[in-house]
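*Asks:* I would like to see how this sequence folds:
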Amino acid sequence: MKPYHPLAFFAMFCSLITLLLLISFGGLLIGFIRQDLMAFGLTFAGHPLTGLTKEEAQNEIVRHVQEELTSPALILSYGDRRWEASPTDIGLTADIPATVEQAFAVGRSGSLPRRIVDALSCALRQREIPLVLRQDTVQLKKWLDPVAASIHEPARDASCTLTPDGAVHRLPSVTGVTLDTAALADTLALELTTLRLPRREALAPAIKAPAIATDDLAAVDTVLGVYTTYYDPNSNRGKNIERAAMALDHVLIKKGAAFSFNAIVGNRVADAGYLTAPVIVDGKIEQDIGGGVCQVSSTLYNAILLADLNPTQRTAHFYPSSYVPAGLDATVADGQIDFCFANQLPHNVYLLTSAESGTLTICVLGAGSDVPADIRLETAVIGPNPTVESYRIYERNGEETGREFLHTDEYDIPPPDPQQAGQAPDPPARRPLPTVDTVPSEETDPAPRRQERRSSRGSVLARHASAEDAA
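*Replies:* Here you go, the predicted model:
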C-alpha cells in the first residue's frame, strides 16, 4: 500500500474545514433569513443593517434620513443670486417602507440556490441599500416658477422716439432671458433622488438676442426726412391706413440693405384685420379688402426721397391720387406690385410712423452727417391727363446745388365720383394694372403747373411736408 503524501493530507484537511465553514455559514445565513432578520453584509448610508429586524432597520433608516433630508436640499445660482429649497419646498420625500422592503428582499428572492448565492454575495462583498426617494415634479416646478419669473427678461429691441422739440431719443436694447422650468424640473428630479444633497445647480436660461441692438442705432441722431398726408379716420379706408402704418413703425433698414413694403406690411387680407374700401381694378373703381394702403406706401415714398434714399421699385397709380401730388405716389398690390428702396447711406436708418386722428406721418431717422444738404421735391406737369415729371432738388444755404430727375408718369383722367354720378364709366384701357387702391380725385386738373415738397434742416416741424393741398 502506497503511503499518502503529507501535503495531500493537509489539502484534504483544508478542504474539509472550508466545507464545514461554508455549511455553517450557509446555515447561519438561512437561519437569519428564516428568522426574518436582515442578511449579512447589508448597509445603509454606511451603517450596518446585519441581523436587524424590519422594525429595527426602519428605525435606523429613519434616523439617518432625518439627518440627510435637511434644509437645503436644492441650491440654485444665477450670477450673484442664490435660491435654497428644503425637501418639503420641492416635494422631495423618502419612502422608508419601500427602502426596508428592498433591504429585506436580499437572499429571499428566487430559487433556494439563487437565494443562497445572493446571501453569500452580500455577506462577502457587502451591499449598500439605496434610499427610495419620491420626487413630486409638480411641486418642484411650482417652486421653480417664481425663480424663473425673477430672472425672466423679455427681449426688447433698441428703439428711437422723438421728443416734443424734435430731438431723437434712443432707448437701449435688452437681451431676453427665459428659463424652461418644465425641462429643469425633469432634470433635477433625477438628480435629487440620488440623495446627494444638497444638489447645487447653476442655472443656464435661454438667451434671446434682440432684433435691433443698441449699436444698430448708435449713429441715429436726427430726422433725415418726414412726410405727412391726411385721411378720414372714421372710414374703412382710414382703418386700413392705420393698420398698415403700424407695421412700418420702428423698422430698421441697415446700411446696404433693401426694403420691401409688401414684405414688411404683409398681405392685406381680412384675417390680418383689413377692411373693404375703394380700390382700382383694371382702371375701374371697386370695393375690395385693403383699400387705402397705397396712401401709406406713397407717404413713405416721399419720406425716403426727402431722406436721400434711393427707390428701386416704384409704380404710379392709374389715376392721380388726392393725398399726394401727381408724380409722387407709389402704389402697391399683394404679390404683384411692390414699393422698394435701398439704404445706400453710410449708416442705418430707422422709421417712425404714426397714424391717428386722420394724420399719417412717416419719419426717416438717421445720421445727420449722411445727408448734409437740404432736399425738396418738385413736380412739373408737361402733358395732358396729366403727364408729370418729378425731381429731387438738393440745396445748401437756399441755393440749388443739384437736381435729380426721378421719373415721368402719364396718368389717365379719373372717372366721376360714383356716389355722385351713380356709376363710374370705364376709363381708357391704355394701361391695365393689377388691383391697387386710391381715392379718386374730384378735380379735373389735379396738379398745378409746378408743385414742391421741401425738407429743411431746421426742425422736425419745418421738415414736415404736407399733401393736404394736393388733389
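
*Asks:* what's the burial count for the closest residue to Ile337 other than its chain neighbours?
*Replies:* Spatial nearest neighbour of Ile337, excluding adjacent residues (Cβ to Cβ, 6 or more residues apart in numbering): Thr315 at 5.1 Å. Where you see a C-beta, it was placed from the backbone N, CA and C, and this is true even at glycine. Counted with other Cβ atoms under 10 Å, the neighbours of Thr315 add up to 20.

*Asks:* contacting residues around Thr43?
*Replies:* Leu49, Gln126, Arg127, Glu128, Ile129 (Cβ atoms under 8 Å, 6 or more residues apart in numbering).

*Asks:* measure the residue nearest to Ile337 to Ile289 for me?
*Replies:* Distance from Thr315 to Ile289, counting by Cβ to Cβ, to the nearest Å: 20 Å.

*Asks:* before we move on, what about Pro146?
*Replies:* Using Cβ to Cβ, we find Pro146 at a distance of 46 Å from Ile289.

*Asks:* same deal with Phe318?
*Replies:* Phe318 is 19 Å from Ile289, by Cβ to Cβ.

*Asks:* same question, Arg196
*Replies:* Distance from Arg196 to Ile289, by Cβ to Cβ: 63 Å.

*Asks:* repeat that for Leu92.
*Replies:* 58 Å.

*Asks:* the two: which has the busier surroundings?
*Replies:* Remark: of Leu92 and Ile289, Leu92 carries more neighbours, 25 against 21, as counted by other Cβ under 10 Å.

*Asks:* low-confidence ranges in this protein?
*Replies:* 1-14, 16-35, 67-68, 70, 195, 415-471 (pLDDT under 70).

*Asks:* which parts of it are helices?
*Replies:* With helices called from DSSP state H, the chain shows them at 6-34, 54-68, 96-104, 112-125, 137-151, 181-192, 236-248, 261-265, 293-306, 418-421, 460-463.

*Asks:* most tightly surrounded among those helices?
*Replies:* helix 293-306 (a mean of 28; mean count of other Cβ atoms under 10 Å).

*Asks:* hey, C-alpha coordinates of it in CSV?
*Replies:* Provided in CSV are the C-alpha atoms of helix 293-306 (Å, rounded to 0.1, in the frame of the first residue of the first chain):
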residue,chain,number,x,y,z
VAL,A,293,-52.8,101.1,-48.1
CYS,A,294,-51.4,102.9,-51.1
GLN,A,295,-51.6,106.1,-49.2
VAL,A,296,-49.1,104.6,-46.7
SER,A,297,-46.7,103.5,-49.4
SER,A,298,-47.0,106.9,-51.1
THR,A,299,-46.3,108.7,-47.9
LEU,A,300,-43.3,106.5,-47.3
TYR,A,301,-42.1,107.2,-50.8
ASN,A,302,-42.0,110.9,-50.2
ALA,A,303,-40.3,110.5,-46.8
ILE,A,304,-37.5,108.3,-48.2
LEU,A,305,-36.9,110.7,-51.1
LEU,A,306,-36.5,113.6,-48.6
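
*Asks:* I'd like to know which elements that helix is packed against.
*Replies:* Counting by 3 or more Cβ pairs under 8 Å, 6 or more residues apart in numbering; DSSP states H and E, the packing neighbours recorded for helix 293-306 are strand 222-230, helix 236-248, helix 261-265, strand 310-313, strand 359-366, strand 374-383, strand 436-437, strand 450-455.

*Asks:* closest one to Ile116 among those?
*Replies:* Ile116 lies closest, by Cβ to Cβ, to one member of those: helix 261-265, at 78.7 Å.

*Asks:* what comes into contact with the closest one?
*Replies:* 244, 247-248, 251, 293, 296-297, 300, 332, 334-335, 338-340.

*Asks:* which one of those residues is nearest Ala270?
*Replies:* For these, with Ala270 as the reference and Cβ to Cβ as the criterion, the closest is Asp334, at 12.3 Å.

*Asks:* would you confirm that the closest one contacts Arg268?
*Replies:* Yes: shown here, Asp334 and Arg268 form a contact pair, counting by Cβ atoms under 8 Å, at 5.8 Å.

*Asks:* anything in contact with each of these two?
*Replies:* Gly290.

*Asks:* which one's more surrounded, these two?
*Replies:* Between Asp334 and Arg268, Arg268 has the larger neighbour count (other Cβ under 10 Å), namely 25 against 17.

*Asks:* run a quick neighbour tally on Ala211.
*Replies:* With other Cβ under 10 Å as criterion, Ala211 counts 12.

*Asks:* how near is it to Leu252?
*Replies:* For Ala211, the distance to Leu252 equals 8 Å [Cβ to Cβ].

*Asks:* then Leu76?
*Replies:* On the measure of Cβ to Cβ, Leu76 and Leu252 end up 37 Å apart.

*Asks:* next: Ala333.
*Replies:* Per Cβ to Cβ, Ala333 is found 25 Å from Leu252.

*Asks:* what does Phe261 give?
*Replies:* 15 Å.

*Asks:* same check on Leu328?
*Replies:* Counting by Cβ to Cβ - Leu328 and Leu252 are separated by 25 Å.

*Asks:* Tyr227 too?
*Replies:* Remark: distance between Tyr227 and Leu252 (Cβ to Cβ) = 19 Å.

*Asks:* who has more neighbours, those two?
*Replies:* More neighbours surround Tyr227 than the other of Tyr227 and Leu252, with 29 against 22 (other Cβ under 10 Å).

*Asks:* report the beta-bridge partners for that one.
*Replies:* Ile362 (DSSP bridges).

*Asks:* is it true that it touches Thr353?
*Replies:* No: the pair Tyr227 / Thr353 is not scored as a contact, 10.6 Å apart, by Cβ under 8 Å.

*Asks:* quick one: which of the contacts of Thr43 is nearest Glu191?
*Replies:* Glu128 (18.6 Å).

*Asks:* now do the contacts for that closest one.
*Replies:* Applying Cβ under 8 Å, 6+ apart, we find Glu128 in contact with Thr43, Phe44, Ala45, Gly46.

*Asks:* what's the nearest residue to the second one if we skip its chain neighbours?
*Replies:* Ranked by Cβ to Cβ, 6+ apart and with sequence neighbours excluded, the top spatial neighbour of Phe44 is Ile129, at 4.9 Å.

*Asks:* same check on the third one?
*Replies:* Nearest non-adjacent residue to Ala45, counting by Cβ to Cβ, 6+ apart: His64, 4.9 Å away.

*Asks:* need the contact list for that neighbour.
*Replies:* For His64, the contact set (Cβ under 8 Å, 6+ apart) comprises Phe44, Ala45, His47.

*Asks:* could I get these as JSON lines with distance to Thr137 and neighbour count?
*Replies:* Listed next are the contacts of His64 as JSON lines, based on distance: Cβ to Cβ, whole Å; neighbours: other Cβ atoms under 10 Å:
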{"residue": "Phe44", "distance to Thr137": "26", "neighbour count": "22"}
{"residue": "Ala45", "distance to Thr137": "25", "neighbour count": "16"}
{"residue": "His47", "distance to Thr137": "30", "neighbour count": "13"}
